[in-house]
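# missing the sequence, but the structure's below:
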Ligand code: PGA
């Protein structure tokens, strides 16, 4: 399975930040390997610019959200097929910031994920516990129940990715211990294998939450980790490429 190093720019970046995309493209020219894929999910306003800048490069461009419907009266929203047409390959679904800011629920996330792969995008479905859940010893239960309820009904071979992102680790500089990360990923892997059989072993699992150049090697080296979803450290080409290099 390929390792995926995915950057989530969130609501950050001006037009001049697209120079970072050019730098990543140049960096990947020399660093690209068969085994590691690189993806950046910029604000959707910059999607087509980013896709144009990546022409001929191995860097993929994704989106941070999509609507569950294919089209219609949904002012301000964007459908998965529009993102696909604009050149996106992946879309992040159910990030904790969307669950919080936009009250997104597991069933909505499952419907969005279905819309994504119907449109030909690979959904990156995010799950993760709050600090309160972790302190109460409920992290595994919460995450596994989110997983079960956020998975879409889908064609048997439709590709999708799961990102485990403990909410309290996002943007805080805190991370779970390596043991806690591996333990959670092993639980997610077991649940996917129980549901999908053989295929469950091949669904990529990303870790997200304060992944940086200096902790990436340890985290990416864990058994059930197939990549990272990186926020803050993906905004600078130098940091993103340093994490990519740790995965390569
Ligand atoms: P962070 O964000 O790397 O800044 O913690 C990760 C994410 O929210 O995807």
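Noted; the coordinates are in hand. If you're wondering where the values come from, they're calculated on a predicted model, not measured in any experiment.

# quick one: the least confident helix or strand in the chain by mean pLDDT to chain centroid distance?
Among the helices and strands of the chain, helix 18-31 carries the lowest confidence by mean pLDDT, DSSP states H and E, at a mean of 93. For helix 18-31, the distance from its own C-alpha centre to the chain's C-alpha centre is 20 Å (CA atoms, centre = their mean, to the nearest Å).

# taking this protein, what residue is nearest to the ligand?
residue 231 (2.3 Å; CB to the nearest ligand atom). (Glycine included, C-beta is placed from N, CA and C.)

# okay, and the beta partners of the residue lying closest to that residue once chain neighbours are set aside?
Once flanking residues are discounted, residue 231 sits nearest to residue 8: 5.1 Å by CB to CB, 6 or more residues apart in numbering. Beta-bridge partners for residue 8, by DSSP bridges, are residue 41.

# ok, which stretches of the protein are helices?
Using DSSP state H, the helices assigned to the chain run over residues 18-31, 47-53, 80-85, 96-101, 106-118, 131-135, 139-150, 178-196, 213-220, 237-247.

# dump those helices to a markdown table, plus mean neighbour count and distance to the ligand.
Output for the helices of the chain, formatted as a markdown table (neighbours: other CB atoms under 10 Å; distance: least, CB to the nearest ligand atom, whole Å):
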| stretch | mean neighbour count | distance to the ligand |
| --- | --- | --- |
| helix 18-31 | 17 | 15 |
| helix 47-53 | 18 | 17 |
| helix 80-85 | 20 | 18 |
| helix 96-101 | 17 | 7 |
| helix 106-118 | 21 | 15 |
| helix 131-135 | 15 | 14 |
| helix 139-150 | 18 | 15 |
| helix 178-196 | 16 | 13 |
| helix 213-220 | 17 | 11 |
| helix 237-247 | 21 | 10 |
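
# turn the ones you listed into a markdown table, columns for distance to residue 41.
Conversion of the helices of the chain to a markdown table gives the following (distance: least, CB to CB, whole Å):
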| stretch | distance to residue 41 |
| --- | --- |
| helix 18-31 | 12 |
| helix 47-53 | 9 |
| helix 80-85 | 10 |
| helix 96-101 | 12 |
| helix 106-118 | 13 |
| helix 131-135 | 25 |
| helix 139-150 | 18 |
| helix 178-196 | 21 |
| helix 213-220 | 18 |
| helix 237-247 | 12 |
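
# in the chain, where is pLDDT below threshold?
Flagging of the chain using pLDDT under 70 yields the residue ranges 155-156.

# at 90 instead, please
Within the chain, the segments meeting pLDDT under 90 span 1, 29-34, 151-158, 248.

# which residue of it sits farthest from its center?
residue 73 (27.7 Å; CA atoms, centre = their mean).

# for it, give me its contacts.
By CB atoms under 8 Å, 6 or more residues apart in numbering, the contact list for residue 73 is empty.

# pull the number of nearby residues for the residue of the chain closest to the ligand.
Applying the criterion other CB atoms under 10 Å, we find 20 residues in the vicinity of residue 231.

# quick one, what contacts it?
Under the contact definition (CB under 8 Å, 6+ apart), the residues listed for residue 231 are 7-10, 170-171, 208.

# and if you look at residue 39?
4-7, 59-62, 89-90.

# may I ask which of these has the most neighbours?
For the contacts of residue 39, the largest number of neighbours (other CB under 10 Å) sits with residue 7, at 29 neighbours.

# apart from its chain neighbours, what residue comes closest to it?
Excluding its sequence neighbours, the residue lying closest to residue 7 (CB to CB, 6+ apart) is residue 234, at 2.7 Å.
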